[in-house]
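**Student:** Provided below for reference: sequence and predicted model.
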Amino acid sequence: MKKFLYILSLFVFTSCVSGGGTYVSFDKCEFYEISKGETEGTEVSEEIEETEVAEGIYYVSYPQAGSIEEVNDVLVMDYQNCSVEFGEDLNYESELNDLIEIKTHEKNDVSYQAWYKEDLLVRYGGSLINYDYKFWLTDFEVGVSDCILVLDTMAESFTDTPFYHNKDYGFKVDVLPEYKMEYLPSDEGVLMKKWVVDMCMDEWGDEYECGHKIEIYVFGTDNIFGYQNLAEFLADKYSGYSAEFVGSGVFVDEGSGEDGIRHYFMMENGGSAIYEAYLKTPSQYHSANKEEFDELMKSFSIL
């Protein structure tokens, strides 16, 4: 398991509650990677129990300002005064006494359990309905009411396909885990970038390590000129360039000096926003990365 070094924004994030019952809004978070692989030397059955987490990579999101560490073999996410434990086989029900009332509800494929001691919520848990994975809050002194939304958001973010969501322009797109993520300065979108290591040869025939950068921008802009559709927009901005319409979007290839740029545009007819993504690489590497970019754009959608 490891923490990703890039920052992502999720659709499921709304707000988090901090101490004193004050709501703290956040849109930026990080992903924690959960690797479910085969143990070396252990034969794994081809049939997976319905409630088990199948082999593969999964992700749990948490506030950017939070931190995760392993404490006594349990993962703990600390954010302000909230400490959320999470992992497999975390069963704490047997520790509870008869004075605590249990209440449950289900939401977004998570079963939630609440335990009260008199009027104080002292323990709160979320169990994934389709996987053996749990999230817990516990505080028998002051209670855990202030941290419910933190746990809810983490539990409901569990996924094998992380994505970026922009609430201002109302779009979402999958993200590429091997790329570093950055928010654009005005929160209009996101940048995914990767440095690829190559081997180059100097004038004396000796090899040395070199490399090149791949950048993918995805963002929204205001339709300030009032374009009614993509055809009108392309006729004005990209006249003379070949356009490839695919589904609701269009690809446009453009050379820019030493760089190769492949654009992708979407917009709703008469809409207030134009959505753009583009791949930027050195020209000699453009074709090699084109397929990955086109596949990524299949996940782009206007909400």
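**Tutor:** Happy to help now that I have it.
**Student:** where in the stretch 151-300 of the chain is pLDDT low?
**Tutor:** By pLDDT under 70, the low-scoring segments of the stretch 151-300 of the chain are 256.
**Student:** what about the strands in it?
**Tutor:** Using DSSP state E, counting those that start in this stretch, the strands found in the stretch 151-300 of the chain span residues 163-166, 171-174, 180-183, 189-201, 207-222, 243-246, 249-256, 259-266, 273-282.
**Student:** could those be laid out in CSV, adding distance to residue 63 and mean neighbour count?
**Tutor:** Quick note: C-beta positions are derived from backbone N, CA and C, even for glycine. Shown next, in CSV, are these (distance: least, Cβ to Cβ, whole Å; neighbours: other Cβ atoms under 10 Å):
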stretch, distance to residue 63, mean neighbour count
strand 163-166, 15, 20
strand 171-174, 19, 20
strand 180-183, 15, 16
strand 189-201, 18, 15
strand 207-222, 22, 15
strand 243-246, 36, 12
strand 249-256, 33, 16
strand 259-266, 30, 20
strand 273-282, 27, 21
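**Student:** just put these in JSON lines and tack on distance to residue 157.
**Tutor:** Output for the strands of the stretch 151-300 of the chain, formatted as JSON lines (distance: least, Cβ to Cβ, whole Å):
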{"stretch": "strand 163-166", "distance to residue 157": "10"}
{"stretch": "strand 171-174", "distance to residue 157": "14"}
{"stretch": "strand 180-183", "distance to residue 157": "15"}
{"stretch": "strand 189-201", "distance to residue 157": "17"}
{"stretch": "strand 207-222", "distance to residue 157": "20"}
{"stretch": "strand 243-246", "distance to residue 157": "30"}
{"stretch": "strand 249-256", "distance to residue 157": "27"}
{"stretch": "strand 259-266", "distance to residue 157": "25"}
{"stretch": "strand 273-282", "distance to residue 157": "23"}
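**Student:** got the buried residues for the helix or strand encompassing residue 77?
**Tutor:** For residue 77, the host element (DSSP states H and E) is strand 74-79. Buried residues in strand 74-79, counted by 16 or more other Cβ atoms under 10 Å: 75-79.
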